[in-house]
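**Student:** The amino acid sequence is not available; the structure is as follows:
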């Protein structure tokens with residue numbers, strides 16, 4: 001694995017982890033897209049299992065990990081999609097399998113509907129989006145967004161030590177063992193006065209001015225032509241109700257649904273071997 005700094009047409013520089021993999025006859029690249037508040041390194045245990053089968057890329061999305069924060073504007077989903085398009089355009093080989101977890105699943109699905117001809121396969125790990133919140137668009141949401149934006153970067157309380165970061169990771173994910181939690185904390189924090197802080201931009205903690213609209217997402221899903229695997233963690237507490245998930249899956253023309261045993265929401269962390277297996281199955 002090595003990291004590279006990649007200037008994008010969208011004006012930011014991305015940090016991209018890369019596993020070169022073999023020069024396979026199929027010219028295959030696996031692109032792994034992390035979720036909210038996470039970072040590329042979270043895919044390391046999956047990527048190491050995929051690397052013998054092809055080239056692997058895992059970017060830190062804008063405002064996450066070691067990629068640039070925005071200096072103005074906001075973090076909109078289509079900004080992530082434009083960034084991803086450039087990462088794939090600059091670094092990926094001829095055939096691309098795109099994998100997204102949680103928020104990264106939404107980004108990946110939007111990309112797949114935008115560039116359906118570019119993908120050989122798509123894997124969405126608890127990545128069918130949040131509840132439809134279109135009814136909450138409007139003036140009150142805009143006011144809440146403006147007020148939260150002003151405060152988001154103003155007062156960031158540092159954690160006193162790396163041990164506290166490890167504790168918080170385990171508090172939010174009781175399946176993480178001490179060693180893995182410490183690895184993620186070391187990579188996911190930076191020093192600050194009084195301790196350490198998470199690398200992701202605190203602006204992500206605000207509600208955006210535009211709510212998730214299911215009717216819009218469906219338009220993207222219906223354009224996806226490649227094989228799709230849609231995976232749920234058997235013990236997830238952060239997924240949609242089962243009937244809503246089924247309704248959403250129905251909009252993918254060529255999909256397979258899988259429930260991953262022994263996993264909560266963070267499927268790539270909890271079952272990396274099973275995730276790598278599902279991804280490889282997309283390309284035979």
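**Tutor:** Perfect, thanks for sending it. In this text the structure is predicted, and so the values were computed from the model without any measurement.

**Student:** Now residue 232: which helix or strand?
**Tutor:** Using DSSP states H and E, residue 232 maps to strand 228-233.

**Student:** three-state assignment of residue 44?
**Tutor:** Secondary structure state of residue 44, per DSSP: H, G, I helix; E, B strand; the rest coil, is helix.

**Student:** What is the neighbour count of it?
**Tutor:** Number of residues near residue 44 (other C-beta atoms under 10 Å) recorded here: 21. In this view, the C-beta of every residue, glycine as well, is placed from N, C-alpha and C.

**Student:** Report the separation between the closest residue to residue 99 other than its chain neighbours and residue 72.
**Tutor:** Of all residues not flanking residue 99 in the chain, residue 123 sits nearest, at 4.3 Å (C-beta to C-beta, 6 or more residues apart in numbering). Between residue 123 and residue 72 the computed distance is 34 Å (C-beta to C-beta, to the nearest Å).

**Student:** more crowded one of the two?
**Tutor:** Between residue 123 and residue 72, counted using other C-beta under 10 Å, the more crowded position is residue 123 (27 against 4).

**Student:** just checking, what packs against the helix or strand harbouring that one?
**Tutor:** Element membership for residue 123 (DSSP H and E) is strand 119-125. Identification of packing neighbours for strand 119-125 by 3 or more C-beta pairs under 8 Å, 6 or more residues apart in numbering; DSSP states H and E yields strand 95-101, helix 103-114, strand 228-233, helix 272-281.

**Student:** List the buried residues for the last one?
**Tutor:** Buried positions in helix 272-281, judged by neighbour count with 16 or more other C-beta atoms under 10 Å: 272, 274, 275, 276, 278, 279, 280.
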